[in-house]
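1. Need coordinates for the below:
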Amino acid sequence: MTSTTGPSPAARVRRLSNSVQDAAIVRAAAELGLADAVGDGPTPVTEIAARVSADPPTLARLLRALTAYGIFEQVTPDVYAHTEMSRAMRRDHPGGLIHTLLTPSDWGWAMWGRLAESVRAGRCLFPDVFGADFFDYLGEHPEAQARMFRGMTSWSDQMNPALVGALPLEGAGTVADMGAGSGTLLRAILEHAPHVSGVWFDTEATLAVVEDELLSGPLSERCALVTGDYFHEVPFSADLYVFKLTLHMYDDEPSERILRNVAASAKPGARIVIADPLLQDPPESKFVPSMDLHMLLVMGGKERTEQDYADLFKRAGLEFTGITPTGTDLHLTVGRVPG
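-> Numbering: from 1, shown residues only. You can find the predicted model right below:
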């Protein structure tokens with residue numbers, strides 16, 4: 001007789017505790033570049049191993065494990081072929097999943113191992129472990145910085161069309177992308193709304209990665225590039241200020257400081273939009289609360305609930321006007337400069 005009961009509570013917890021193994025197996029496949037090493041047809045393990053400089057018998061063990069996850073198909077124990085999941089890990093696959101998988105270098109594994117310690121301390125321990133805060137660490141490790149930039153770009157850029165469609169662009173003549181990075185969001189806004197002028201705002205060092213479309217051509221005529229530090233000053237006025245995946249990197253005090261600087265430069269009625277994950281109680285998925293802990297561990301930041309945003313805007317002298325879902329991992333939190 002077959003039992004119809006599911007796993008016990010203890011079994012479910014045990015499976016969750018093994019998730020680190022799942023992540024390590026997928027990460028190893030990404031690090032080795034296995035998806036690019038497997039050909040269009042069934043490929044012998046010896047050929048795959050030669051292409052990735054791996055030991056064939058040991059690689060066969062990894063490929064067997066990946067097959068159990070639906071990543072690769074075992075034709076025979078010595079031959080493997082692609083599945084839709086493994087093809088999604090190729091470097092030429094649209095969306096750049098491989099870059100997202102490779103985003104957390106050694107710092108990611110190290111900091112998640114300190115979660116209990118960080119919870120006891122009530123703070124980010126990244127400087128204790130690496131001798132520098134996260135951003136200084138990236139500046140000292142160019143390869144980790146490049147991975148971080150590629151991974152964040154490949155993940156966040158896929159959300160741009162939905163975000164632009166949800167932005168309150170009506171009545172906005174000038175839109176500022178705050179902490180704009182390469183400027184892909186601002187480019188999407190300018191392409192979507194021909195009546196809008198844009199301001200790219202980030203540090204001077206970030207100018208090196210700005211998209212060509214914002215530097216030359218038709219869009220550049222509607223885009224101003226402004227460098228600075230929003231912790232100290234926002235040296236321009238706009239009708240709409242957009243912070244995408246930015247303020248969740250910071251705790252409340254620095255976030256409030258940034259918003260106060262925006263309010264000091266903006267005209268009455270200007271709007272501020274924060275595009276970050278939204279915490280909910282009880283949580284609707286694992287993604288947002290786990291991202292909240294990631295922010296704690298790596299940057300000392302946090303995700304926020306609707307009430308958290310309302311309180312933050314009030315302390316910064318802004319009016320909280322609501323939350324807009326986008327159909328992506330991000331929600332839009334909207335505020336307004338009084339007057």
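2. lowest-pLDDT helix or strand in the chain?
-> Per-element confidence for the chain was summarised using mean pLDDT, DSSP states H and E. The lowest value among helices and strands belongs to helix 142-156, with a mean of 85.
3. hmm, who's touching that helix?
-> Contacts with helix 142-156, where a contact means CB atoms under 8 Å, 6 or more residues apart in numbering, come from 95-97, 99-107, 137-139, 181-182, 184-185, 209, 244-245. In this view, the C-beta of every residue, glycine as well, is placed from N, C-alpha and C.
4. and if we set it to 6 Å?
-> Residues external to helix 142-156 that are found in contact with it (CB atoms under 6 Å, 6 or more residues apart in numbering): 96, 99, 100, 102, 103, 105, 138, 245.
5. mind listing what the fourth one touches?
-> The contact partners of residue 102, taken as CB under 6 Å, 6+ apart, are 30, 147.
6. if we can go back for a sec, next, the buried residues of the least confident helix or strand of the chain.
-> Buried residues in helix 142-156, counted by 16 or more other CB atoms under 10 Å: 144, 147, 148, 149, 150, 151, 152, 153, 154, 155, 156.
7. and what of stretch 273-283?
-> Along stretch 273-283, the positions that meet the burial threshold by neighbour count (16+ other CB under 10 Å) are 273, 274, 275, 276, 277, 278, 279.
8. same question, stretch 263-270
-> Neighbour counts over stretch 263-270 (16+ other CB under 10 Å) mark 263, 265, 266, 270 as buried.
9. re the thing from before, and of the buried residues of helix 142-156, the nearest to residue 203?
-> Closest to residue 203 out of those is residue 149 (13.3 Å), distances taken as CB to CB.
10. Can you give me the distance of that closest one to residue 162?
-> Residue 149 sits at a distance of 22 Å from residue 162 (criterion: CB to CB, to the nearest Å).
11. what do you get for residue 65?
-> According to CB to CB, residue 65 stands 35 Å off from residue 162.
12. Repeat that for residue 316.
-> Taking CB to CB as the measure, residue 316 falls 27 Å from residue 162.
13. Then residue 92?
-> 24 Å.
14. So between the two, which is more surrounded?
-> When residue 92 and residue 162 are compared for neighbours, residue 162 comes out ahead with 15 against 9, by other CB atoms under 10 Å.
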